[in-house]
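1. Predicted coordinates and the sequence they were generated for:
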Amino acid sequence: MPPDDMTRVTLSLSALAGGMVWGLYHLGTTLLAGQPVHRQDLVLAGVNITCAIAMGGLVAFFFGPTLAPMIPVAGLRDPHALGFGIGAVAWELAPLAYRWARILAERKAGGGAP
């Protein structure tokens, strides 16, 4: 693989680990919330974990190389650290990104913000 592709793969694999850590944190807070946990809660937590892992890997693969030069701290530009960070926050930031994209599209189309 060319070095660029290897960097993308490293970012993606690290992001999968970051998404898993976020997912396990979410599962832990679900289980330790002090409320009765039902099967539906566990299924939703499992789906949430799966989506977080997938989203982290995809975002890191496509946006990681673009984001790396913008990181001011040299240690965080490392593909392992950057990928893990992207994976840990991508699922939480997805709704904001979708909202920003919708607002920008409406502005370009000539409509107003909702």
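-> It's in. All values derive from a computational prediction rather than experimental measurement.

2. Run the chain-centre distance for stretch 52-66.
-> With CA atoms, centre = their mean, to the nearest Å as the basis, stretch 52-66 stands 7 Å off its chain's centre.

3. Only the buried residues of it, if you could.
-> Within stretch 52-66, the residues that count as buried by 16 or more other CB atoms under 10 Å are 52-53, 55-61, 64. Glycine gets a C-beta too; all of them are placed from N, C-alpha and C.

4. show me what contacts A68?
-> Under the criterion of CB atoms under 8 Å, 6 or more residues apart in numbering, the neighbours of A68 are 77, 79, 82.

5. now do 10 Å
-> 7, 11, 76-79, 82-83 (CB atoms under 10 Å, 6 or more residues apart in numbering).

6. cool, and A88?
-> By CB under 10 Å, 6+ apart, the contact set of A88 is 14-15, 17-23, 25, 52, 56.

7. Those residues into a markdown table, with extra columns for secondary structure, pLDDT and distance to V43?
-> Below are the contacts of A88 laid out as a markdown table (DSSP: H, G, I helix; E, B strand; the rest coil; pLDDT from 0 to 100; distance: CB to CB, whole Å):
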| residue | secondary structure | pLDDT | distance to V43 |
| --- | --- | --- | --- |
| S14 | helix | 93 | 27 |
| A15 | helix | 93 | 24 |
| A17 | helix | 93 | 23 |
| G18 | helix | 92 | 23 |
| G19 | helix | 91 | 18 |
| M20 | helix | 92 | 18 |
| V21 | helix | 92 | 21 |
| W22 | helix | 91 | 18 |
| G23 | helix | 88 | 14 |
| Y25 | helix | 90 | 18 |
| A52 | helix | 90 | 15 |
| G56 | helix | 91 | 21 |
